[in-house]
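In: Sequence first, then the predicted structure:
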Amino acid sequence: MTTTASTTAPAADARTLGLAHHAARGVLEHFLTRHGATFPQQVTLRAAVAAEAPQTPDDLVTQVRGFLKADPADIRVILDELLAEGLLVEAGPHLRPTDAGRELFAAVAAETAPVSARVWGGIPAEDLAAAGRVLALVTERAEAELAALEAA
């Protein structure tokens, strides 16, 4: 079934952004659950898999904190979980994804790809570009507001 947004759809705001995020995250979590993984674990594993060079635990905490806006202590718990599950391994002062970690990441990506194609498919490139610009600006402004709140 293909549906499209109405031309009289409401303007984007925090609620519509949140609804879109939670709908997409719900799809991802459906597949993660099959593998016994959580969303924060997937975000952390992605940071390790996508890194061009091995990352220290502090490097990963900093990156994941930027993505999830989570407490560093909570992210360290996630790192410990990924180590205990054999998805990350210590290599001197660095953490590297294991073959099992890379396989999990690849499996979830492959499982979600057809759903993502259906969700994103058919949206005109100019609409995606406009949405991308707006979301980048909202992210920039929200991060500045969060930094100001944390500094106060």
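Out: Arrived safely. Computed from a prediction, not measured in an experiment: that's the story for all the values here.

In: For Ala106, list the residues it contacts.
Out: Contact partners of Ala106, counting by C-beta atoms under 8 Å, 6 or more residues apart in numbering, are absent. The way it works is simple: take the backbone N, C-alpha and C, and place the C-beta from them, glycine included.

In: Just the local confidence number for it, please.
Out: Looking at Ala106, its pLDDT is 97.

In: cool, and Thr8?
Out: With respect to pLDDT, Thr8 has a value of 70.

In: any idea how far the residue most central in space within the chain lies from Asp74?
Out: Nearest to the mean C-alpha position of the chain, by C-alpha atoms, centre = their mean, lies Val43 at 4.8 Å. Remark: distance between Val43 and Asp74 (C-beta to C-beta, to the nearest Å) = 12 Å.

In: do Glu140 as well
Out: Taken as C-beta to C-beta, the span from Glu140 to Asp74 is 24 Å.

In: more neighbours, the two?
Out: Neighbours were counted for Glu140 and for Asp74 using other C-beta atoms under 10 Å; Asp74 has more, 13 against 10.

In: Fine by me, thanks again.
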